[in-house]
Each structure stands twice: as structure tokens, then as C-alpha cells.
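K.L.:
Sequence first, predicted coordinates after that:
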Amino acid sequence: MKSQIYNPAYIILARVVSVLMSPTYYFFNLFRKSYDFNPKVLKTILVTEYHRIGDVIIIIPVLKSLKLKFPNSKIILVCNPIVAKLASEIGIADEIISFRAPWTEWEWSPFKWVGARALAKKVGKKDIDLVIDFKGDLRNSWFLWQIGGKNSLGYSTTGGSYFYTMPKPFPSKVHQSDHAMELISYLGCEPFNGNKKFNYNKNNSIVLHPGATDPRRAWPNKYWIKLIGLLSVNEKVALVKTPETFGLIQQVIQDGLPVKIFEGDLIEFYHWLSGQKLFIGPDSMGGHLASFLNIPVISIFGSQDPKYTRPLGEWASCITPKTPCGHKRDHWRLCVKCMESIKPKIVYSKVVELISRVENEQ
């Protein structure tokens, strides 16, 4: 399995671009006012995490750690519009700013990049004491520099150390949440260990969330049909409707399978999911949300190593192929064939095992 979070080819390209950009920004930095960093007087802290919904859910404990360390500081979160309403609903920051970064969707329109810079300048007028980014992505670092906080903290994984007042080396081979926690540990923050009550609703549904933004993360529809058949003998089953599950839902209806179809937005999904029994899905945001709600989770991974992005928690399990990927594929990390190698009976057995373990400890 691949061990990198970033495509190695992208890292090399980004570092080359960073070197080419460096003289310009070293020059600009000569004219930027410098501030002594004093954690005791941080009035406003801005955090950027606008790539994916799951990325925001993963850093919720990190934002709580920041708030515990700096209770009098205003925490501002910049995130993508899809998750902004959920972030407000959960109350994970004092202020939420929506931002659709063109580079997260591979949009190269110069007008959108100019718009991104304009937003950064607007946000920068809030007189921010500290800006933080966890990704180590050169484009994120550029955006943070445009905001122009008094101090900035982030990783220089793909270059761009000149964009930060406090650049840090990227910790490799750890989970994405640990990347974020290690970064704020430089501020004296400790891991957040909230007392979360285990959430197991025995008489409600096992939730299937087949949707995946990249089809190479997806599990085949025919496998979901087979799994529904196995589960529905003894369990209530619910299927989440997403743009990717249209064909699957049509097949479920055609076959007359006893499945409840959930239709609703992200906020409605959040509240509904909190009352369900167990969650099953591929490597996507749904598993992270279920884990945050402390519901038992089973995540289906292909060739990508779950060590770095898996849902966390005592009742979160992962299913991976029996053998490392040896297939010819068109993606540096994802593999359709590896997903197809995980058969429905394997997932069903994991469900039975996890439910038995949970109920024995209740």
C-alpha cells in the first residue's frame, strides 16, 4: 500500500514551483511588518480547512484543543460552503467563513484565483493575530500569506516556507488528525479528551452510505445489493441517497428490497445519523461523521492505507484487501480492482463481529 498522503509527483512539482516563486516573496516579505509572537495576547486565531467535509470533521478535536488553550481568543474557521452550515450547527468555531478554493476542484480560471486573493485580503482586515493551516499544500500557504495575519503557523511539505512566520516540518506516517494536533502542540496545546458517551441505538438501522466523490473509492453496486440481502434478514437497513447512488437506489426499488432511503441535506443527515445503529461506507466523509457521533463504523478501503485517513474511535473498524495492490491502475493511490476484491460476505462478517463486540460490552 502507498504510504504517502500526497502524490509524490505533485510534491516534486510543487517544490519546483516554490523555488521559482521564492525570490518574489522573499522580496515582498522585506516590506511586511513583523510581530513578536506572544501566545498570551492572541485575540483572534484563524484556521483554514476547506478541502473536504471529512477534513473539517477530523479537526474538530483540534479546534476544541485550541479553544481550551486560548479560551478568550476568537476562533475563525475558513471551510468550504458544503460543510459551513454543519460547522455552524455543531458550533466548532466562533465564526465560520465559506470559501470555495479553485485549486481544490482543479479550476484554473484566473478570475477565480483573483477572487480567492480578494477574499483573503477581506478576511485579513479582521486584524488576525495568528493564522494556521494544517495541509502543507503550497496553494494553501499562498492563500494564508495573502490573509496576512500577524503570525502564521503551518507545514512546508510542498515548499513555501517563506509564506509562514513559523514554518514547521511535516510529520510523516501519522494520521491526518495527528498532523493537525502536532502543529498546534507548538502553541502548547494538549490533545482534547472529551468524555463522549458511546452512541449505540440497538433497535434502529444499519446505515449504508455508498457515495464516494471518486469512483475509484467506491464499492460495486452489486456488492451493496448482496450486502443488503444479507443484512436485511435480521436488521433494519437504511441507504443514503447521494448523486452517486441513483443507479443503486433504482436497483433496490426494482428488486423490492426492504430498505429505507434517507433523503436530506448534510444537517438533516447529521441529526438523523446520530440515532442510528451502525454505519458502513467507503473511505469518505460519512465514516468520519459517524465516528464523531460515536456510532460504530465500518469503512471499506481499497489500495489506500487506512492508517492515514481512517475514522478514529474505539468502535471504528476498517476492511482492507487481503494482499497489497499489484494491479495496473490509473491513480497513484486508489484502485478499483482492490475495492472489488473485498466481497460482501467479508463485510457482513465484520458487521456481525462488531455488533457482537459492542453488545457484549454494553
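P.N.:
Arrived safely.
K.L.:
got a list of what the residue lying closest to residue 307 once chain neighbours are set aside touches?
P.N.:
Nearest non-adjacent residue to residue 307, counting by C-beta to C-beta, 6 or more residues apart in numbering: residue 175, 6.7 Å away. Using the backbone N, CA and C atoms, a C-beta is placed for each residue, glycine as well. Residue 175 makes contacts with 307, 308, 309, 310, 312, as judged by C-beta atoms under 8 Å, 6 or more residues apart in numbering.
K.L.:
mind checking how far the third one is from residue 56?
P.N.:
I take that to be residue 309. 13 Å (C-beta to C-beta, to the nearest Å).
K.L.:
Tell me which of the two has more neighbours.
P.N.:
Taking neighbours as other C-beta atoms under 10 Å, residue 309 and residue 56 compare with residue 56 leading, 28 against 21.
K.L.:
average pLDDT across the helix or strand the more buried one falls within?
P.N.:
Secondary structure from DSSP states H and E places residue 56 in helix 53-58. Helix 53-58 shows a mean pLDDT of 94.
K.L.:
what residues does it touch?
P.N.:
Looking at helix 53-58 with C-beta under 8 Å, 6+ apart, the contacting residues turn out to be 49, 77, 79-80, 82-83, 86-87, 92, 176-177, 180, 266, 284-285, 287-289, 292, 309, 312.
K.L.:
Moving C-terminal from that helix, which element do we reach first?
P.N.:
helix 60-69.
K.L.:
which residues touch residue 168?
P.N.:
Residue 168 neighbours (C-beta under 8 Å, 6+ apart): 153, 154, 155, 156, 183, 186.
K.L.:
pretty sure the first one contacts residue 134?
P.N.:
No - with the criterion set as C-beta atoms under 8 Å, residue 153 and residue 134 do not qualify as a contacting pair; they are 9.4 Å apart.
K.L.:
got any ranges where this protein has weak pLDDT?
P.N.:
Applying pLDDT under 70 to the chain picks out residues 1-5, 195-196.
K.L.:
Which parts of it are helices?
P.N.:
8-29, 53-58, 60-69, 81-90, 110-124, 138-147, 176-185, 221-231, 246-255, 266-273, 285-292, 336-340, 344-360 (DSSP state H).
K.L.:
Just name the most buried of those.
P.N.:
Using mean count of other C-beta atoms under 10 Å, the stretch among the helices of the chain with the largest mean neighbour count is helix 285-292, at a mean of 26.
K.L.:
hmm, who's touching that one?
P.N.:
For helix 285-292, using C-beta under 8 Å, 6+ apart, the contacting residues are 52-54, 57-58, 60, 207, 209, 211, 240, 269-270, 273, 279, 281, 296-297, 299, 310-313, 316.
K.L.:
what number of residues lie near residue 40?
P.N.:
5.
K.L.:
Compute the first-to-last residue distance for stretch 301-309.
P.N.:
Taking C-alpha to C-alpha, to the nearest Å, stretch 301-309 runs 10 Å from one end to the other.
K.L.:
And for it, what's in contact with it?
P.N.:
Contacts of stretch 301-309 (C-beta under 8 Å, 6+ apart): 1-3, 5, 54, 173-176, 216-217, 282-283, 299, 310, 318-321, 324-325, 327, 329, 333-336, 338-339, 342.
K.L.:
Nearest residue to residue 211 in space, ignoring adjacent ones along the chain?
P.N.:
residue 242 is the one closest to residue 211 (C-beta to C-beta, 6+ apart), at 3.4 Å.
K.L.:
Any idea how many residues pack against the one you found?
P.N.:
When neighbours are counted by other C-beta under 10 Å, residue 242 comes out with 19.
K.L.:
ok, now which ones touch it?
P.N.:
209, 210, 211.
K.L.:
Residue 160 touches residue 144, doesn't it?
P.N.:
No - between residue 160 and residue 144 there is no contact under C-beta under 8 Å: 9.3 Å.
K.L.:
Can you give the domain ranges for this structure?
P.N.:
8-185, 206-360 (automatic domain parsing).
K.L.:
do you know which of those lies nearest residue 197?
P.N.:
Between residue 197 and the domains of the chain, the tightest spacing by C-beta to C-beta is seen for domain 206-360, at 6.9 Å.
K.L.:
Quick check: end-to-end length of that closest one?
P.N.:
18 Å.
K.L.:
Ok, stretch 316-328 next?
P.N.:
Note: stretch 316-328 ends 30 Å apart using C-alpha to C-alpha.
K.L.:
How about stretch 23-37?
P.N.:
End-to-end for stretch 23-37, by C-alpha to C-alpha: 25 Å.
K.L.:
Report the buried residues of stretch 194-213.
P.N.:
Across stretch 194-213, burial judged by 16 or more other C-beta atoms under 10 Å covers 199, 200, 204, 205, 206, 207, 208, 209, 210, 211, 212.
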